[in-house]
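Asker: Need coordinates for the below:
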Amino acid sequence: MVMARTKIHVILVFVSSLLILLPDSPVGAPVGVCYGRVAINLPPPSDVVDLLRSNGISRVRLFNADAEALKPFSGTEIQLMIGVPNEVLPTLANGMVSTSLDWLQSNIFAYVSPSQVRYLAVGNEVLLKDPFYSPFLVPAIRKLHQALQALGLADTIKLSSAHAATVLSNSYPPSAGAFDPNLLSVLTPLLQFLRDTGSPLMVNVYPFFSYINNMQSVSLDYALFRSSAVHADQKLAYDNMFDATIDAFAYAMEREGFQGIPIVVTETGWPTAGGAAANIENALAYNGNVARRGLNNIGTPKRPGVGVEVFLFDLFDEDQKGGEEFERHFGIFRVNGVKAYDLSFN
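Answerer: All right, here's what the predicted structure looks like:
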């Protein structure tokens with residue numbers, strides 16, 4: 001009996017040793033959600049935080065450092081990407097480092113702990129939507145970085161700026177990806193900063209827009225990850241537009257001499273109503289595939305096995321947004337907290 005116990009003990013120790021030596025299972029890329037608030041019928045932010053937690057959503061993008069929206073996140077496990085508005089860039093760029101310190105303390109850290117802030121998205125689509133602010137973009141980022149250094153937070157809070165996919169002058173085939181040469185005076189120093197600080201290039205990617213604006217050349221199946229056809233590009237093969245767009249950005253960065261900068265998709269989504277191909281079935285197909293590929297670290301043909309971190313747009317429909325009708329129908333959840341379609345975030 002003693003010998004039997006001894007053998008069992010030896011086996012257990014051996015198995016435990018093997019488990020310690022085995023590598024950890026790879027963690028999938030985070031799948032977050034954008035919390036847009038251009039609406040008059042949204043639930044209170046405290047209810048929104050409860051909704052996020054109950055659905056296992058651990059990363060959220062807030063487009064502005066809004067006190068009402070930020071406060072309920074305090075003390076939760078949710079990691080935040082917080083936007084620095086375009087109109088603030090001149091003040092930060094032209095001010096002293098103390099100006100950036102004051103802005104961070106009064107607009108963000110007064111409401112949430114720095115440990116909850118993963119990214120600061122400095123400006124949103126500045127180069128094309130608000131070109132007036134373009135000269136202030138990189139100087140503002142540098143001042144904010146100096147402020148974070150002074151606070152000892154520069155290694156944990158990463159700075160970048162979210163760009164529309166149209167900063168590319170060419171995206172097809174992906175290997176021909178190139179930035180608009182008229183934007184390089186801003187993009188080149190930005191990419192230098194990203195490389196030097198280990199920060200990601202932030203991009204807003206919408207195959208939906210590519211499809212509705214070019215139906216003759218872009219198939220719906222290619223936009224929705226359902227294509228049986230493969231687009232060959234050198235030695236790589238593409239069966240969906242999302243991967244092709246991400247890799248076009250990677251090639252564009254390499255073309256300018258910047259290899260290895262990670263890419264974070266700060267917005268992507270599909271509307272459930274309001275236009276051609278805008279319905280619940282397609283929204284689930286698109287967002288479901290984007291989320292699954294990130295969580296499973298599928299990556300892209302150029303960067304296989306490296307899951308793409310994404311923020312799905314949008315948490316709710318935003319009934320006060322302008323533009324086409326579909327702009328108001330990207331919500332994954334109804335305002336009563338019920339999912340518009342059965343999307344899993346984990």
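Asker: Check the separation of the first and last residues in stretch 50-58.
Answerer: For stretch 50-58, the first and last residues are 12 Å from each other (C-alpha to C-alpha, to the nearest Å).
Asker: Quick check: buried residues in that stretch?
Answerer: Leu51, Leu52, Asn55, Ile57, Ser58 (16 or more other C-beta atoms under 10 Å). C-beta: built from backbone N, CA, C; applies to glycine.
Asker: next one: stretch 215-229
Answerer: For stretch 215-229, by 16+ other C-beta under 10 Å, it's Val218, Leu220, Tyr222, Ala223, Leu224, Phe225, Ser227.
Asker: Determine how far that stretch lies from the middle of the whole chain.
Answerer: Taking C-alpha atoms, centre = their mean, to the nearest Å, one finds stretch 215-229 lying 23 Å from the centre of the chain it belongs to.
Asker: Contacts only, for Ser161.
Answerer: For Ser161, the contacting residues are Ala121, Val122, Gly123, Asn124, Val126, Leu137, Ile141, Leu190, Met202, by C-beta atoms under 8 Å, 6 or more residues apart in numbering.
Asker: Grab the nearest non-local neighbour of the fourth one.
Answerer: For Asn124, ignoring the flanking residues on the chain, the nearest one in space by C-beta to C-beta, 6 or more residues apart in numbering is Ala162 at 4.9 Å.
Asker: pLDDT on the helix or strand in which the one you found is found, on average?
Answerer: Taking DSSP states H and E as the criterion, Ala162 maps to strand 158-164. Average pLDDT, strand 158-164: 98.
Asker: what helices or strands is the helix or strand following that strand leaning on?
Answerer: Proceeding N to C from strand 158-164, the next assigned helix or strand is strand 168-170, under DSSP H and E. In this structure, strand 168-170 makes packing contacts with strand 178-179, helix 241-255, judged by 3 or more C-beta pairs under 8 Å, 6 or more residues apart in numbering; DSSP states H and E.
Asker: how close does Ser115 get to Thr76?
Answerer: Distance of Ser115 to Thr76, given as C-beta to C-beta, to the nearest Å: 11 Å.
Asker: Please read the previous query as pertaining to Pro301.
Answerer: Note on Pro301: its distance to Thr76, by C-beta to C-beta, is 37 Å.
Asker: do Arg61 as well
Answerer: With the distance defined as C-beta to C-beta, Arg61 ends up 15 Å from Thr76.
Asker: which one of these two has more residues nearby?
Answerer: Arg61 (27 against 17; other C-beta atoms under 10 Å).
Asker: Helices of this protein, start to end?
Answerer: Using DSSP state H, the helices of the chain run over 2-21, 45-54, 67-70, 89-94, 97-104, 126-129, 134-150, 184-197, 207-213, 220-223, 241-255, 280-295.
Asker: Need the winner for burial among these.
Answerer: Comparing those by mean neighbour count (mean count of other C-beta atoms under 10 Å), helix 241-255 comes out on top with a mean of 23.
Asker: Show me what that one packs onto, helices and strands only.
Answerer: Secondary-structure packing of helix 241-255 (3+ C-beta pairs under 8 Å, 6+ apart): strand 168-170, strand 178-179, strand 201-204, helix 207-213, strand 236-238, strand 263-268.
Asker: Restrict that helix to CA atoms and write it as PDB.
Answerer: The C-alpha coordinates for helix 241-255 follow below in PDB (Å, rounded to 0.1, in the frame of the first residue of the first chain):
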ATOM      1  CA  MET A 241     -11.200  42.700 -47.700                       C
ATOM      2  CA  PHE A 242     -10.400  43.200 -44.000                       C
ATOM      3  CA  ASP A 243      -7.100  41.300 -44.300                       C
ATOM      4  CA  ALA A 244      -6.200  42.900 -47.500                       C
ATOM      5  CA  THR A 245      -6.700  46.400 -46.000                       C
ATOM      6  CA  ILE A 246      -4.700  45.600 -42.900                       C
ATOM      7  CA  ASP A 247      -1.800  44.300 -45.000                       C
ATOM      8  CA  ALA A 248      -2.000  47.200 -47.300                       C
ATOM      9  CA  PHE A 249      -1.200  49.400 -44.300                       C
ATOM     10  CA  ALA A 250       1.700  47.100 -43.300                       C
ATOM     11  CA  TYR A 251       3.100  47.300 -46.800                       C
ATOM     12  CA  ALA A 252       2.600  51.100 -46.900                       C
ATOM     13  CA  MET A 253       4.600  51.500 -43.700                       C
ATOM     14  CA  GLU A 254       7.400  49.300 -45.000                       C
ATOM     15  CA  ARG A 255       7.500  51.400 -48.200                       C
END
